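Engineer: Okay, sequence plus prediction incoming.
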Amino acid sequence: MGEIMVQIGEELRKETMTVGDLAKQVEELKRQVENVKPGAEDRISIVVFSGDLDKVLAAFIIATGAVAMGMEAVMFFTFWGTPVLRDSKKKAGGKDLMGKMFGFMLPKGRDAIKLSKMNMAGMGTAMMKSLMKKKNVASLDEMLDMAAELGVKIYVCEMSMSLMGFKKEELIDYPNLEYVGVATFLEQAKNSKVQLFI
Amino acid sequence: MGEIMVQIGEELRKETMTVGDLAKQVEELKRQVENVKPGAEDRISIVVFSGDLDKVLAAFIIATGAVAMGMEAVMFFTFWGTPVLRDSKKKAGGKDLMGKMFGFMLPKGRDAIKLSKMNMAGMGTAMMKSLMKKKNVASLDEMLDMAAELGVKIYVCEMSMSLMGFKKEELIDYPNLEYVGVATFLEQAKNSKVQLFI
Amino acid sequence: MGEIMVQIGEELRKETMTVGDLAKQVEELKRQVENVKPGAEDRISIVVFSGDLDKVLAAFIIATGAVAMGMEAVMFFTFWGTPVLRDSKKKAGGKDLMGKMFGFMLPKGRDAIKLSKMNMAGMGTAMMKSLMKKKNVASLDEMLDMAAELGVKIYVCEMSMSLMGFKKEELIDYPNLEYVGVATFLEQAKNSKVQLFI
């Protein structure tokens, strides 16, 4: 075994170091590097469960803000969040009684949703909307346009669509909108840096 | 110092590389690998703060979905989530007046909880339950069985139990259910890939 | 090329290992270590969107609990969470009509906020407060003091301040309280181990 005198470390201490010693150290390093789990991707994944105007707005502000910072953003619309994506100008036929009832009772798109607090028979919601305009805060319509342009990914929960009897043809036009199950969302979420349930 | 001609890199450039040089590089690599923080574990940690039927269902759908994907899942029931775990067939004695009042006012288990929206004096909740059956969406009862079978871990917040005057003997039978403080939950959550507050 | 007989691995098998071979392995390790993304920092980032007493309490219990465990904690107060930070003893002049209306309608600080459930015209909230005292659960006042002492960082959403017409001089005194946009919060959140939307 060929031995060579070497200097290593900041202390510059002298040590005998053979190629065999080094090889063992390299093997140990390889094992350690393999065990390091990969870090999460630079993405935010948001479950939009709520259908309240204030919470949906917050979800879009966060998602578009994240994309503006160079992150990816995925929004998963489920339960009460699903009717927010209805297009008030579109109609869907072939619904059963339950589907018709839900279609009637649930808000028809983003113009029909209300604040979670202080709605006060619609007055609070109207006040908030006028205030947002005055203070130059983007409306939900503008948020959706911005999200589409920035490439915010929208997933719609298949189970919620089925449960509420919604048809794909009554939802808004949004680039690359996808209908997925919870597993597809979780796959994205678990490799994201940030996850929120709103 | 023994010098040897070697070829390294994709460019296959010729370099003089001594064992001493290599040893320094290996030392530097060791330092870097030690500084790499370990990645999070493949687990989802959910705070179930809400006691609304729709939100508790969502929590179970996400938790069981995660386990089905090979992840671990931990649910921490706190505040309004705690009464969801009461067993309507069990009774607990020795409560003080406040405990009795809370026991009376809070829902007695998962059959008594309601939708966060559109409850409409129970009609909306009943409608949603019948709809879920029709669309083959698992009920909360079935979800709990599935969660138990899949090994979803349930933590119950000790402070909430004390605050609401609940006794352990009035909670459901669930495998390895544990009563813990917020620190135990946070310990799990901070090393999880996903955390949600529902 | 100088060849040396070395023993590596647990099997202690004999192999021919040159400095050139080792150099290639070290190069490959360097590449791998560089590609490892840094783990998240030991911090929890909480969006306090809700202004309900129970949810704000939960946020503080989690944040202070995290700091007690040695983590950092950042709370971002936005939307309904913002009025919780008003100081009931302070006044702010120079508000426009909308600002005055919001100032009047929104709760004036932490003593004025209510439970999200079972408020029952204030009776439930009062009952919960007295119960918390009895069970030695810290009140929101005590929580804020504790958070300040422990160094929990409080961010206030600039957009919410502007939207609700709040002035900085009507907010509580809290060490190093900062007014920030969503980007500043996201920057903290994306490098945190835990993120919650409450």
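Structural biologist: All right, it came through fine. Numbers count the residues shown, from 1 in each chain, chains lettered A, B, ... in the order given.

Engineer: which other helices and strands contact the host helix or strand of A:Leu186?
Structural biologist: Assigned by DSSP states H and E, A:Leu186 belongs to helix A:182-190. If contacts are counted by 3 or more Cβ pairs under 8 Å, 6 or more residues apart in numbering or on different chains; DSSP states H and E, helix A:182-190 sits against strand A:41-48, strand A:72-77, strand A:153-157, strand B:41-48, helix B:53-68, strand B:192-197. For every residue, glycine as well, the C-beta is placed using N, CA and C.

Engineer: Any stretches of chain A with poor pLDDT?
Structural biologist: A:1-17, A:37-38 (pLDDT under 70).

Engineer: Where does A:Lys95 sit: helix, strand or coil?
Structural biologist: coil (DSSP: H, G, I helix; E, B strand; the rest coil).

Engineer: In contact with it, which residues?
Structural biologist: Going by Cβ atoms under 8 Å, 6 or more residues apart in numbering or on different chains, A:Lys95 touches A:103, A:165, A:167.

Engineer: which residue packs closest to the last one, ignoring adjacent ones?
Structural biologist: What sits nearest to A:Lys167 in space, not counting adjacent residues and going by Cβ to Cβ, 6 or more residues apart in numbering or on different chains, is A:Ala92, at 3.7 Å.

Engineer: The one you found contacts A:Leu171, correct?
Structural biologist: No - here A:Ala92 does not reach A:Leu171: they are 9.0 Å apart, not a contact under Cβ atoms under 8 Å.

Engineer: For chain C, what is the nearest residue in chain A?
Structural biologist: A:Gly39 (2.9 Å; Cβ to the nearest Cβ).

Engineer: tell me the SS of that residue?
Structural biologist: coil.

Engineer: cool, and A:Asn136?
Structural biologist: Taking three-state DSSP, the label given to A:Asn136 is coil.

Engineer: who has more neighbours, A:Ala92 and A:Leu171?
Structural biologist: A:Leu171 (23 against 16; other Cβ atoms under 10 Å in any protein chain shown).

Engineer: give me phi/psi at the more buried one?
Structural biologist: phi -90, psi 160 (degrees, to the nearest 10).

Engineer: show me what contacts A:Ala68?
Structural biologist: A:150, C:183 are the contacts of A:Ala68 under Cβ under 8 Å, 6+ apart.

Engineer: I'd like the distance between it and A:Ala189.
Structural biologist: Noted for A:Ala68: a distance of 21 Å to A:Ala189, by Cβ to Cβ, to the nearest Å.

Engineer: what's the answer for A:Asp145, then?
Structural biologist: Separation of A:Asp145 from A:Ala189 (Cβ to Cβ): 25 Å.

Engineer: between those two, who's got more neighbours?
Structural biologist: A:Ala189 (27 against 13).

Engineer: The more buried one contacts A:Gln195, doesn't it?
Structural biologist: Yes - the pair A:Ala189 / A:Gln195 is scored as a contact, 4.9 Å apart, by Cβ under 8 Å.

Engineer: shared neighbours, these two?
Structural biologist: Common neighbours of A:Ala189 and A:Gln195 (Cβ under 8 Å, 6+ apart) are A:45, B:194.

Engineer: Which residue, other than its chain neighbours, is closest to A:Phe79?
Structural biologist: A:Phe49 (5.1 Å).

Engineer: count of residues packed around the one you found?
Structural biologist: 25.

Engineer: How about A:Gly94?
Structural biologist: A:Gly94: 8 neighbours (other Cβ under 10 Å).

Engineer: what residues are up against the closest residue to it other than its chain neighbours?
Structural biologist: Nearest non-adjacent residue to A:Gly94, counting by Cβ to Cβ, 6+ apart: A:Lys167, 7.3 Å away. Contacts for A:Lys167 (Cβ under 8 Å, 6+ apart) come out as A:92, A:94-95, A:161.
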